[in-house]
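A.B. asks: This is a predicted model, with the sequence first.
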Amino acid sequence: MPRVKCEDLCPEWPCEQPEEFKNVWVYGEIEPGRGIREPSLQMLTPARKIAEKLEGKVVGLLIGHQVTAYADDFIKYGADEVLVVDDERLKEYYPDVYGHVIVQLSLKYKPEVILLAATMRGRELGPYVANTLRAGITADCTDFDVDEKTRDVLLIRPPFAAIMLAYIRTPFRRPQIGTARPNVFPLPPRDESRRGEVILEKVDIPKPRTRLLKRIRIEKREVPIEKAEVIVSGGKGLGSPEGFKLLQRLADMLGGVIAGSRKAVDAGWIPPERQVGQTGRSVKPILYIAVGISGAAQHMIGVREAGRIVAINTDPDAPIVRQADYSIIGDYREIVPAIIEELEELKRKGPKAIEELLK
Amino acid sequence: MAGYRVVVGIKWVPNTQAVRFDPKTGTLIRQGVPAIINPQDLHAIEMALRLRDAYGGEVIVITMAPPPAVQGLEHAIGMGADRAILVTDRSFAGADTLATSYVLARAINKVEREIGRVDLAVFGQETIDSSTAHIGAQVASWLGWPYIYYVKQASLSNGSLRVVRQLEDVIEEYEAKLPAVISVLAKALRPRHVSLLNKLRARTERPIITWTNKDLGLDTRCVGLKGSPTIVAKVTYLPEVPRLKKVHKAENPREAARWLLKNLLSDEKTRDLIARALWGEGSA
Ligand SMILES: Cc1cc2nc3c(=O)[nH]c(=O)nc-3n(C[C@H](O)[C@H](O)[C@H](O)COP(=O)(O)OP(=O)(O)OC[C@H]3O[C@@H](n4cnc5c(N)ncnc54)[C@H](O)[C@@H]3O)c2cc1C
Ligand SMILES: Nc1ncnc2c1ncn2[C@@H]1O[C@H](COP(=O)(O)O)[C@@H](O)[C@H]1O
C-alpha cells in the first residue's frame, strides 16, 4: 500500500511517494568572484551523516554565472556529485529566480533532502523553494537524524524556549528541507584526492522582477566571534557601554574578542553580529568569560560547546553560576581590572611564574 | 482609492522573555505569560504606516490566530492602521508555516476581490516564538509576487517599489514591480506608540473584521495540521552540559583574580591557551 494516499492530500500539493526521492542536496551560496561561502560547505557535514544513513549521495548545487570552477571545491570538501547551472542570466542573485532554478532541478532529480545554510540569503531562499515545491521546511536545525524505517529525516531544532528540542519530520512530502545557522556544524576536512562528477544542467530561467540598483560592501576586518578561541562577553550588568572598553582590554590580553548578550545588543553597547545565543551566534571558544550576564537559557544555548565558562556576577543566585565552570561573585568593575593586573604581572614575570602561582 | 493599499501580517505571540524555567521540576512556567505583538512586527506596521502617510492609501493589518489575537489587531489600529482582519477557524489550528502562509495568501486574495487591489504585503523579519522567517517568502510564492527581505527603507512611485536592504556583508538597493512582498529588517525603525484617538476609533468604529473558513472556503486538507507537511514528532529537554561549578566569593579582587588564574592555569583545557596568550607560541 502506498504510504501517501493522494485523496488525503491537499490538492494544491503534488501526490508523490517518498520512495521516488533520493540523495541529499546542499545548496552552495556563492560569494561573487570568490567561491562557495563557508557556511554552505559546513552543511556538507550533516549532509554526509544523513546520506550515509539513507545510503544516498551528497550532491552540491551551484547556481550563478561562472561558477562551474567552484564545483571542485564542493567535491574536495565532501560532495560526491555537483549539479551546476551556469548562465549569464544568473549573474545576479534574486531569490525568486534562483528559487525557480532549484525548484526545476528538484522536480527533475527528486532529491530526498535539501540543506541550506541559514545565512540571511539562505533564510530568504529556502522557504520560497520549499513552498513552491509544497514541501516542508525546518529552520535553524542544530542536528539531524534519520528514522531508518520510514526514511524520514528528523530535523532537530530548539523551539520557543531554548532549553527544549523539537524533533520535526515530514512524513508525506519530499524533499525534506532544512537550514542550519553558520558554524553550528564544522567545515569537513578538505581532501585533495577526492574526485566526483560535475553535471552541467540547463533549465528555464525566469526574468527577474526585481532589479539591483546598487550594492555597497560592508567590509569586516574583525575576527567573527564564532572563530575566536577566547571570548569575553558582556551583558546588561555592565551598566554602560564603557564596560566593554574594560572587557576589550581583558580580551586583548588573552588574544580574544568581545561579544555580548542580547540585552547588551539591544542597549546598543555592542553590534548585533556579536550577540551570542539563540537569536545570535553559537560560539565554541576554549574559554568563555561571561561578565554581568545572568545566564538565560536563550543565551546559554549559544555557549554549550564552550570549553570552559567563567562567570563574573554580583548575584550568587544568577542562573549562570550553576552553568559555569568558574564563578567569581563580585562587581566586575573591581574583578576585571584585578584579573588584568594579575595577567600583566604574570606576563612580566614570564612562564616560570606559573609554578609560583600554583604553589 | 488614491495611493497604495498595504497589508501587514502580524503574529500575536507569548512573550517568551517572560517564560521562566523552574529548576526544581525542570519544566517551563508558561502560566500567566502575557501575549504581545511579535516585536519585529511593530516595525513592519511602522513601515506600512509611513508609506501610507507619505503616499496615501490604506494599511490593513492581518493575522491568522485564535480570537484573543484581536488584542494585537486593536494595538495596530491604535498605532494608526486603517483596518484589521482576524482570520480564525478551528480548522486552522496546528498549522506549520506552509499552512499558515496558505491561509494568509488566500486572505490577501479575498482582500483583493472584496476591498480592492493590494500593492504591497509587509512582514516582520521573524517571530520570537518560532523565528523561522518563512512566512514572507512563502506568501510571495503562493501569490507569485516578487519579494525582498531585510528592508530598512522603502519608497513607492508609479507602480514600483524602491528599497534599501541590509545583509551580513552588503547594503543593497532594489527596484521591484508592484505588487510585491517585503520583510522589514529587525529594529530598522522606531515604531510609533498607540494614540488615544486611534484607540478610541478601534472601540467605536470597530474596523476589525473576522473571517473564518466559511468566508475563505479553503479545502480543509490544505489548512491547519492536515495542510502542514512538517509535524513535531516529539519535544525533549536539552541535556545539561556538565560543568565544574566552582564558585569563589570575592572578598578581595586581587585574591579572586588569583583564584581564577590558578584554576585556569592548572586546568588542562585552558592552561596552554593562557600561556600562549601571555608569552607567545611555544611558551606552553
Ligand atoms: C526568543 C528569544 C530569543 C533570545 N535570544 C537571545 C540570544 O540570542 N542571546 C541572548 O543573550 N539573549 C537572548 N534572549 C534574551 C534572554 O532571555 C535574556 O533576556 C538575556 O540573555 C539577558 O541578558 P543579560 O544576561 O545581559 O541581562 P540580565 O538578565 O539583566 O542580567 C544581568 C546580570 O548582570 C549582573 N550584574 C549586575 N551588575 C553587575 C556588576 N556590577 N558586576 C557583575 N555582574 C553584574 C546581574 O546580577 C545579572 O545576573 C532571547 C530571548 C527570547 C525570548
Ligand atoms: N499567524 C500569522 N498571521 C499573520 N502574519 C504572520 C503569522 N505568523 C507570522 N507572520 C508574519 O510573518 C513574519 C515571519 O514569521 P516567522 O516565519 O514565524 O518567523 C512575522 O514577523 C509576521 O509578520
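C.D. replies: Perfect, thanks for sending it. Numbering: from 1, shown residues only, chains lettered A, B, ... in the order given. Ligands and ions are numbered 1, 2, ... in the order given.
A.B. asks: What does A:Gln323 show for phi and psi?
C.D. replies: A:Gln323 adopts backbone torsions of phi -120, psi 10, taken as degrees, to the nearest 10.
A.B. asks: Surely it touches B:Leu244?
C.D. replies: No. A:Gln323 is not in contact with B:Leu244 according to CB atoms under 8 Å; the separation is 10.7 Å. (C-beta placed from N, C-alpha, C; glycine too.)
A.B. asks: Of those two, which one has the most company?
C.D. replies: When A:Gln323 and B:Leu244 are compared for neighbours, A:Gln323 comes out ahead with 21 against 14, by other CB atoms under 10 Å in any protein chain shown.
A.B. asks: Next, work out how far apart that one and B:Val247 are.
C.D. replies: The gap separating A:Gln323 from B:Val247 is 12 Å, by CB to CB, to the nearest Å.
A.B. asks: cool, and B:Pro191?
C.D. replies: To B:Val247, B:Pro191 is 42 Å away according to CB to CB.
A.B. asks: Mind checking which of the two has more residues around it?
C.D. replies: Taking neighbours as other CB under 10 Å, B:Pro191 and B:Val247 compare with B:Pro191 leading, 18 against 14.
A.B. asks: Give me the distance between the residue in the stretch 101-250 of chain B positioned nearest to ligand 2 and B:Ala76.
C.D. replies: Residue of the stretch 101-250 of chain B nearest ligand 2, by CB to the nearest ligand atom: B:Gly124 (2.5 Å). To B:Ala76, B:Gly124 is 12 Å away according to CB to CB.
A.B. asks: Neighbour count for these two, which is higher?
C.D. replies: With neighbours defined as other CB under 10 Å, B:Gly124 and B:Ala76 compare such that B:Ala76 has more, 31 against 27.
A.B. asks: my read is that one is in a helix, agree?
C.D. replies: Yes. Counting by DSSP: H, G, I helix; E, B strand; the rest coil, B:Ala76 is found in a helix.
A.B. asks: Please verify my assumption that it contacts B:Ile45.
C.D. replies: Yes. Here B:Ala76 lies in contact with B:Ile45, judged by CB under 8 Å, at a distance of 5.5 Å.
A.B. asks: what is in contact with the two at once?
C.D. replies: Common contacts of B:Ala76 and B:Ile45, defined by CB atoms under 8 Å, 6 or more residues apart in numbering or on different chains, comprise B:8, B:10, B:61.
A.B. asks: Return a selection command, for use in PyMOL, containing the buried ones of those.
C.D. replies: Buried members of the shared contacts of B:Ala76 and B:Ile45, defined by 16 or more other CB atoms under 10 Å in any protein chain shown, are picked up in PyMOL with:
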select buried, chain B and resi 8+10+61
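A.B. asks: ok, so of the shared contacts of B:Ala76 and B:Ile45, who is nearest ligand 2?
C.D. replies: B:Ile10 (5.5 Å).
A.B. asks: Give the burial count for the nearest residue to that closest one once chain neighbours are set aside, as a bare number.
C.D. replies: Spatial nearest neighbour of B:Ile10, excluding adjacent residues (CB to CB, 6 or more residues apart in numbering or on different chains): B:Asp41 at 4.1 Å. Counted with other CB under 10 Å, residues neighbouring B:Asp41 total 29.
A.B. asks: Have a look at chain A and report its longest helix.
C.D. replies: Criterion DSSP state H: the longest helix present in chain A is helix A:332-349.
A.B. asks: hmm, who's touching it?
C.D. replies: Helix A:332-349 is contacted by residues A:237-238, A:243, A:246-247, A:249-250, A:253-254, A:291-292, A:312-314, A:328, A:353-354, A:356-357, B:250, B:253-254, B:256-258, B:260-261, B:278-279 when judged by CB under 8 Å, 6+ apart.
A.B. asks: ok, how many other residues are close to residue 94?
C.D. replies: Just so you know, I chose chain A. Around A:Tyr94 sit 22 other residues, with neighbours defined as other CB under 10 Å.
A.B. asks: switch to chain B, that's the one I care about
C.D. replies: 14.
A.B. asks: Checking it next. Helix, strand or coil?
C.D. replies: Counting by three-state DSSP, the backbone at B:Gly94 sits in coil.
A.B. asks: Could you do B:Tyr102 as well?
C.D. replies: Three-state assignment for B:Tyr102 (three-state DSSP): helix.
A.B. asks: who's in contact with it?
C.D. replies: For B:Tyr102, the contact set (CB under 8 Å, 6+ apart) comprises A:12, B:138, B:142, B:218, B:222-223, B:227.
A.B. asks: Helix or strand: which one has the residue lying closest to A:Pro182 once chain neighbours are set aside?
C.D. replies: Nearest residue to A:Pro182, sequence neighbours excluded (CB to CB, 6+ apart): A:Pro39, at 3.8 Å. Using DSSP states H and E, A:Pro39 sits within helix A:38-42.
A.B. asks: For the helix or strand following that helix, what does the pLDDT average out to?
C.D. replies: Where DSSP H and E defines the elements, the next helix or strand beyond helix A:38-42 is helix A:44-54. Mean pLDDT, computed over helix A:44-54, is 98.
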